[in-house]
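Enquirer: Let's see this in three dimensions:
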Amino acid sequence: MKRINLIAVLLILIIVSGAWAQNAEVEFLYSFLQGTYQVIGRWPDSNQSYNGKIILKSKEDHFQILRSINDEEIQGVGRIATATADKIKVLTVEFTQHGQRYEATYIINSDLDNYPRLTGYLFLKTGETKRPGLEALFIDHQSLERK
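Expert: Numbering: from 1, shown residues only. Presented below is the predicted three-dimensional model:
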């Protein structure tokens with residue numbers, strides 16, 4: 001009987017520690033990704049490219065997003081989510097611009113200096129995207145120097 005209790009306690013500890021480790025990883029990503037980025041992109045179903053600035057501001061369980069593209073500021077919301085059967089952590093962002101609802105999904109990486117770098121696809125939220133847009137976000141080193 002004592003052996004069964006010991007096994008049960010060990011299983012509970014393993015489950016709890018796994019959940020704690022996932023929460024710690026998500027909390028780290030919210031901290032790691034927060035900042036100002038230079039963005040280069042192409043709109044969905046278009047050849048029109050753009051560049052600008054994106055600010056990710058961490059707010060507990062999400063990001064407040066400010067997109068400054070072509071002298072227009074748009075607010076959005078971002079969250080750490082999982083993708084694929086391997087449950088890879090990604091950043092998903094939603095925003096509305098000119099009456100169109102968009103969703104972006106970014107792969108989370110770092111550059112050679114260990115700064116965050118995000119690359120992803122941009123879709124119309126309606127599901128009508130034939131060719132996804134593309135975005136690459138690079139940390140804005142000038143904003144780091146001002147801190």
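Enquirer: what about R117, distance to D71?
Expert: 25 Å (CB to CB, to the nearest Å). From N, CA and C alone the C-beta is placed, and that goes for glycine too.
Enquirer: So for the two, which residue has more residues nearby?
Expert: With other CB atoms under 10 Å as the criterion, R117 and D71 differ in neighbour count, and R117 comes out ahead with 19 against 6.
Enquirer: Show the pLDDT at the more buried one.
Expert: pLDDT, R117: 96.
Enquirer: Verify the stated contact: it with S110.
Expert: Yes - checked against CB atoms under 8 Å, the pair R117 and S110 is within contact range at 6.1 Å.
Enquirer: and the next element down the chain from the helix or strand harbouring E27?
Expert: Assigned by DSSP states H and E, E27 belongs to helix 2-33. Note on helix 2-33: by DSSP H and E, the next helix or strand toward the C-terminus is strand 35-42.
Enquirer: Return the distance of that following strand from the chain's centre.
Expert: Offset of strand 35-42 from its chain centre (CA atoms, centre = their mean, to the nearest Å): 12 Å.
Enquirer: Stretch 88-98 now?
Expert: 7 Å.
Enquirer: Can you name the residues in contact with it?
Expert: Counting by CB atoms under 8 Å, 6 or more residues apart in numbering, the neighbours of stretch 88-98 from elsewhere in the structure are 25-26, 29, 33, 63, 65, 67, 72, 74-83, 101-108, 118, 120, 125.
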